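[1] test case, fold it:
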Amino acid sequence: MITERSAVSRLFNGLNIILLLATMLLCLLPVWYTLSISLSDKAAASAGQVFLWPKGFTFGSYETIMQDGQFFKSFFISVQRVLYGSAISFIVVLLMAYPLSKTGKEFKARNVIMWLLVFAMLFNGGLVPWYLTMKSLGMINNIWGLVLGGGLPVFNVILVMNYFRNMPKEVEESALMDGAGPWRILFSIFLPLAMPVLATVLVFTIVYHWNEFFQALVLMNKSVHYPLQSYIRQVAVVIDPTKMDEESVKRMSELSNQTLNAAKIFISMLPLLVIYPFLQKYFVKGITLGSVKG
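    Modelled structure (predicted):
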């Protein structure tokens with residue numbers, strides 16, 4: 001049934017739309033500004049003349065970065081880390097959250113494990129014990145050190161666990177009456193119904209593995225093993241005047257640390273900007289239901 005809206009209701013909707021548009025622009029502005037800086041020449045960027053549009057349009061910063069072979073190797077290492085880390089974390093979170101969603105009578109060790117998880121989330125043993133542990137496990141100069149170093153995100157476990165606890169008990173009871181076991185219930189019932197929260201924690205995991213840079217600085221002794229985020233923090237443009245032609249000299253004269261850093265930041269955020277729109281629709285439902293204690 002269509003009802004006529006009052007003037008106050010129309011005014012509220014109009015203000016709400018304006019507020020949301022303003023919020024959207026505030027979120028997009030830093031990304032657009034970074035892109036404008038990366039496409040501007042050295043003089044305009046250094047003088048602070050760049051805001052919404054590039055000044056002295058040039059692709060010099062991107063060309064300089066792309067000519068470094070280590071950039072592509074670091075990019076591939078980051079892709080590997082995201083794929084391996086997301087797969088392992090997804091499996092671990094799923095298999096841990098399901099039994100922890102049961103009551104203490106159904107799973108007697110539940111409370112003890114939950115206390116250990118919460119304690120581990122709030123406290124850690126420190127950087128030196130962590131490094132010594134990783135070294136003893138052979139994780140130095142090894143991509144598995146980057147993957148397994150954050151293989152169990154406790155917050156994601158709690159999020160998925162609470163989502164499972166809010167599912168109707170009748171669904172599981174009917175499956176048990178039909179002869180389904182725990183594994184069948186998990187993969188045939190819980191997994192399909194939990195797609196919103198699983199997509200949410202998957203995005204969290206992807207963002208973590210893609211943006212994390214500190215672990216590589218500690219575990220990797222050589223820069224050739226760095227993922228992309230660690231690489232762009234320490235990359236430097238090495239200029240050899242004896243091997244530069246006239247075009248290279250002109251391009252380098254148009255660059256500055258500010259334009260190069262902006263180009264690095266923009267390139268590093270592109271993959272997440274591409275992935276996020278496909279999964280963001282699950283966020284509200286996944287986080288809301290996963291945050292309510294059953």
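[2] residues near the closest residue to His209 other than its chain neighbours, how many?
    Among residues not flanking His209 along the chain, Gly85 sits closest, at 4.2 Å (C-beta to C-beta, 6 or more residues apart in numbering). All C-beta spots, glycine's among them, are computed from the backbone N, C-alpha and C. Residues near Gly85, counting by other C-beta atoms under 10 Å, number 25.
[3] can you check Trp210 too?
    Neighbours of Trp210 under the rule other C-beta under 10 Å: 22.
[4] got it, and Gly125?
    10.
[5] check the gap between the residue nearest to His209 and Leu152 for me.
    Separation of Gly85 from Leu152 (C-beta to C-beta, to the nearest Å): 11 Å.
[6] give me the residue at the spatial middle of this structure.
    Val207 (0.5 Å; C-alpha atoms, centre = their mean).
[7] next up, phi/psi of Glu106, please.
    Backbone torsions for Glu106, taken as degrees, to the nearest 10, come to phi -80, psi -40.
[8] poorly predicted segments of the stretch 151-294 of the chain, please.
    235-257, 279-294 (pLDDT under 70).
[9] for it, which segments count as helices?
    Counting by DSSP state H, counting those that start in this stretch, the stretch 151-294 of the chain has helices at residues 154-165, 169-177, 182-185, 191-193, 195-211, 214-219, 228-234, 246-253, 257-279, 283-291.
[10] between those, which gets nearest to Ile143?
    Smallest distance to Ile143 across those (C-beta to C-beta): 9.6 Å, for helix 214-219.
[11] is it correct that the residue nearest to His209 is in contact with Pro153?
    No - counting by C-beta atoms under 8 Å, Gly85 does not reach Pro153; the two are 9.9 Å apart.
[12] need the residues touching each of these two.
    Counting by C-beta atoms under 8 Å, 6 or more residues apart in numbering, the common neighbours of Gly85 and Pro153 are 205, 208.
[13] just the CA trace of stretch 104-113, in PDB.
    In PDB, the C-alpha atoms belonging to stretch 104-113 read as follows (Å, rounded to 0.1, in the frame of the first residue of the first chain):
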ATOM      1  CA  GLY A 104      29.300 -26.400  28.000                       C
ATOM      2  CA  LYS A 105      27.300 -29.600  28.300                       C
ATOM      3  CA  GLU A 106      27.700 -30.500  24.600                       C
ATOM      4  CA  PHE A 107      31.400 -29.600  24.600                       C
ATOM      5  CA  LYS A 108      33.000 -29.800  28.000                       C
ATOM      6  CA  ALA A 109      36.200 -28.100  27.100                       C
ATOM      7  CA  ARG A 110      34.500 -25.100  25.600                       C
ATOM      8  CA  ASN A 111      34.900 -22.600  28.500                       C
ATOM      9  CA  VAL A 112      38.500 -23.400  29.000                       C
ATOM     10  CA  ILE A 113      39.300 -22.900  25.300                       C
END
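[14] element containing the residue nearest to His209?
    Take DSSP states H and E as the rule and Gly85 turns out to sit in helix 69-100.
[15] other SSEs contacting the helix or strand that that helix is followed by?
    Per DSSP H and E, the first helix or strand lying C-terminal to helix 69-100 is helix 110-122. Packing partners of helix 110-122 (3 or more C-beta pairs under 8 Å, 6 or more residues apart in numbering; DSSP states H and E): helix 69-100, helix 154-165.
[16] and the last one, what's buried?
    It refers to helix 154-165. 154, 156-165 (16 or more other C-beta atoms under 10 Å).
[17] dump the residue contacts of the residue nearest to His209.
    146-147, 150-151, 205, 208-209.
[18] please apply the same query to Met161.
    96-97, 100-101 are the contacts of Met161 under C-beta under 8 Å, 6+ apart.
[19] got a markdown table for the residues you listed, with neighbour count, distance to Ile265 and pLDDT too?
    Formatted as a markdown table, the contacts of Met161 follow (neighbours: other C-beta atoms under 10 Å; distance: C-beta to C-beta, whole Å; pLDDT from 0 to 100):
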| residue | neighbour count | distance to Ile265 | pLDDT |
| --- | --- | --- | --- |
| Met96 | 18 | 35 | 91 |
| Ala97 | 26 | 34 | 90 |
| Leu100 | 21 | 38 | 90 |
| Ser101 | 21 | 40 | 88 |
